[in-house]
Structure formats: C-alpha cells, structure tokens
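1. Generate coordinates for the sequence data below:
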Amino acid sequence: MAIKYTKHFLDKLENLFASSEYILRYEKGNFKSGYCVLKDTKIVIINKYFPLEGKINVLIDILGELNFDPKDFKDKVNQDFLTEIRQTTLKF
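-> Predicted coordinates for the structure are as follows:
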C-alpha cells in the first residue's frame, strides 16, 4: 500500500484510533520522538506542531508498536485498512 500524505489519509488513521481503546490527542510538548504513548492509561499524544507528513508517519509507527488486531475492530473498513497499513513499511 502506498502511503498518501493527505488530510483524508490522516483522517482514516485517526478513525482507527477512535475505534480502538486508545485516546489520540494532539498537544504541544517536548517529545524526543514526536509522540508519547501512555500505555497504562491508553493515551497517545502527538506533537501538534508536526506537519501532516510527520503526523501520518508517527501514527503508522505507533500502530506497529501497539500491535492492534484487526479482529478487535467492529467496522470492516477499519479491519481492512489496518491490515493494509500493517503490510506497509516506512522508508525514511
């Protein structure tokens, strides 16, 4: 799957988090990696000053770190999208 750096693609990634048990927040902060995952409270915080491309790359990176299972999502669209994202590797 080719990653599209568009607002629509970012919205689809945000919908994945909205459908999961994690809360996604954009806030200012001094994160070394640009994001912070609080696993105990299931909150993901992303630097709100990241450009669109940075937000998308970080969200894909976090999805790989959290190991979401497509079966955990009720919506078939989210299941398929997560499966496609998992097959994507980021090249920096």
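2. what about dumping the CA coordinates of the strand or helix carrying residue 14 to CSV?
-> For residue 14, the host element (DSSP states H and E) is helix 7-19. C-alpha atoms of helix 7-19 as CSV (Å, rounded to 0.1, in the frame of the first residue of the first chain):
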residue,chain,number,x,y,z
LYS,A,7,-5.7,15.1,5.1
HIS,A,8,-8.1,12.3,4.1
PHE,A,9,-5.4,9.6,4.9
LEU,A,10,-4.7,11.2,8.2
ASP,A,11,-8.5,11.2,9.0
LYS,A,12,-8.6,7.4,8.3
LEU,A,13,-5.7,6.8,10.7
GLU,A,14,-7.4,9.0,13.3
ASN,A,15,-10.6,6.9,12.9
LEU,A,16,-8.6,3.8,13.6
PHE,A,17,-7.6,5.2,17.0
ALA,A,18,-11.1,6.5,17.6
SER,A,19,-12.4,3.0,17.1
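3. Tell me the secondary structure of the residue in the chain sticking out farthest from the centre, please.
-> If you look at how far each residue of the chain sits from its centre, by CA atoms, centre = their mean, the farthest one is residue 30, at 19.1 Å. Put simply, residue 30 is coil when judged by DSSP: H, G, I helix; E, B strand; the rest coil.
4. where's it relative to residue 45, distance?
-> Remark: distance between residue 30 and residue 45 (CB to CB, to the nearest Å) = 11 Å. Just so you know, the C-beta spots here come from the backbone N, C-alpha and C atoms, and that holds for glycine as well.
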